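Participant: sequence plus predicted model, see below.
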Amino acid sequence: MPTRSKHSSLGTRLEQRRRSLSPEQVDTAIHLYNLGWSLARVGERWALTTPPC
């Protein structure tokens, strides 16, 4: 999986890895969204975050 490096103001290096949902998790996410869950709430279920802009 691709990684992205970030440098904080202190010069320490932080690694961020992208995670993908399994096909089963995608099906569950779609089901929850169709039940009225917000995308933010669906993402919180798997501790997913959006990448920085």
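Facilitator: Everything's here; your move. Just so it is clear, the structure is predicted and the values come from calculations on it, not from any experiment.
Participant: where do the strands sit along this protein?
Facilitator: Listed in chain order, the strands found in the chain under DSSP state E are 3-7, 13-17.
Participant: surely residue 45 meets residue 32?
Facilitator: Yes. Taking CB atoms under 8 Å as the definition, residue 45 is a contact partner of residue 32 at 7.2 Å. Bear in mind the C-beta positions are built from the backbone N, C-alpha and C, glycine included.
Participant: pick out the shakiest of the strands of the chain, pLDDT-wise.
Facilitator: The minimum mean pLDDT among these belongs to strand 3-7 (a mean of 52).
Participant: count of neighbours near residue 42?
Facilitator: When neighbours are defined as other CB atoms under 10 Å, residue 42 has 19 of them.
Participant: hmm, residue 34 and it touching each other?
Facilitator: No. Counting by CB under 8 Å, residue 34 is not a contact partner of residue 42; they are 10.4 Å apart.
Participant: which residues does residue 32 contact?
Facilitator: Contacts for residue 32 (CB atoms under 8 Å, 6 or more residues apart in numbering) come out as 41-42, 45.
Participant: now swap in residue 26 and tell me
Facilitator: With contacts taken as CB under 8 Å, 6+ apart, residue 26 has no neighbouring residues.
Participant: state the distance from it to residue 44.
Facilitator: Using CB to CB, to the nearest Å, residue 26 is found at 16 Å from residue 44.
Participant: how about the helices in the protein?
Facilitator: For the chain, applying DSSP state H gives helices covering 23-34, 39-45.
Participant: all set now, cheers.
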